[in-house]
Each structure stands twice: as C-alpha cells, then as structure tokens.
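>>> got a predicted structure here, sequence first:
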Amino acid sequence: MIRFLKTALAATILAGSLSGAAVAQSSAGGTVKSKHGAWAIACETPPGAPGEQCALVQTVVSEQRPEIGLVVIVLKTADKKATILRVQTPLGVFLPMHIQVAIDGGYFGNLQFMRCFADGCYAEAILDKPDTINGQQTTLQAALAKAKTVVFSVFPTVEEGTGFEIDMAGFNEGFAALP
C-alpha cells in the first residue's frame with residue numbers, strides 16, 4: 001500500500017486534473033475503484049495478502065507551501081474490527097509537534113506519528129474509538145462525518161505550522177462504500 005500511495009501522490013500532483021481512471025492507470029500498484037467528491041477508493045492486493053485491500057484516499061497540497069503535500073488515508077483493518085485514519089506527511093516535519101487537527105474551526109486533538117519510511121512519515125488514529133472531546137463522548141469518525149471543514153497542520157519547524165484544508169465533499173459517501 002505504501003508504494004501505491006507514494007505513486008498516487010506523485011501522480012496526483014503531476015497529473016492535477018486527470019480523471020480517476022487516468023490516475024489509476026498511472027499508479028503501478030493500485031487501482032482507483034470509485035470517486036466520491038474529493039475522495040477516491042483505491043485498491044490493491046499486497047504481496048502475500050489473501051485478497052484486495054482498499055482505502056479511501058485524498059491527496060492535498062498546501063496553498064501556503066505548494067511543495068508540501070499530505071495523503072489522507074482511511075482504511076479498515078484486515079479483521080474489520082477497526083477503522084484507521086492514516087496521514088502521510090513528507091520527511092522533514094518536526095515529529096514531536098504531531099499533526100494538529102481542527103474540525104469546524106475548533107481544536108480537536110493531535111494525530112501521533114507512528115513511523116517514518118523513505119516516502120514520508122505516518123500519523124494514525126483509530127476512527128471508531130470512543131473518546132471524550134470538549135466534554136462530549138464521540139469518535140473521530142463521527143466528528144469527521146459532520147464536519148464542514150477539517151484542517152491538518154504539520155510543523156516543518158517548532159515555530160512554523162503549515163495547514164492543509166481537507167475537502168470533506170464525498171467523505172460520508174466514500175466511507176460508506178469502503179469495503
């Protein structure tokens with residue numbers, strides 16, 4: 001999946017306005033199965049996996065710094081017991097600052113970085129894990145489902161944050177279609 005996402009990020013940035021089918025053809029390791037607003041369901045069969053794995057994916061480039069991009073990935077675990085939000089950032093971000101999440105203008109929390117590879121660093125959260133946010137019991141998935149605006153902020157330095165506005169158009173439809 002990592003190789004595919006790296007290829008998809010490069011293809012999306014370079015292709016810009018290509019259709020989902022064209023991006024799928026240029027992505028050596030995966031296929032775009034459907035488009036849902038700003039989101040796409042992309043699938044591949046990883047080596048050794050019993051079947052195809054799919055993820056809801058959106059690639060975002062910073063308006064402030066167009067050389068920096070994020071890949072936002074939503075996927076179900078192989079046992080289908082949890083849904084994960086994974087965000088891929090470029091190498092060079094300041095990891096202790098995590099990824100700050102703002103939903104509809106309010107601070108929601110942080111996504112902690114889990115690991116870095118040659119293609120970037122990954123932060124993750126369990127979407128369907130109950131949590132208390134602003135005194136209310138909710139899940140990140142429920143908050144995203146209702147969100148009008150979502151901003152993920154990464155920090156190239158301690159002083160400098162770069163915000164990425166995530167287009168939520170099609171998120172609920174894509175999430176419902178995720179196998």
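Right, received. Where do you want to start? Just so you know, these numbers come straight off a predicted model, no measurement behind them.
>>> so what sits opposite Val150 in the bridge?
Beta-bridge partners for Val150, by DSSP bridges, are Ile103, Ile166.
>>> distance of it relative to Ile73?
Using C-beta to C-beta, to the nearest Å, one gets 14 Å for the distance from Val150 to Ile73. Any C-beta I mention is one placed from the backbone N, CA and C, and that applies to glycine too.
>>> just give me the residue closest to the centre of this protein.
Geometric centre of the chain, nearest residue: Val72, 1.0 Å, by C-alpha atoms, centre = their mean.
>>> contact partners for Val154?
Contact partners of Val154, counting by C-beta atoms under 8 Å, 6 or more residues apart in numbering, are 68, 70, 89, 93, 97, 99, 161-162, 164.
>>> any idea what it is bridged to?
Thr162.
>>> and it, how far is that from Pro47?
Distance from Val154 to Pro47, by C-beta to C-beta: 30 Å.
>>> end to end, how far does stretch 151-160 reach?
One end of stretch 151-160 to the other measures 15 Å (C-alpha to C-alpha, to the nearest Å).
>>> same question for it: list its buried residues.
Residues 151-156 are the ones in stretch 151-160 that count as buried (16 or more other C-beta atoms under 10 Å).
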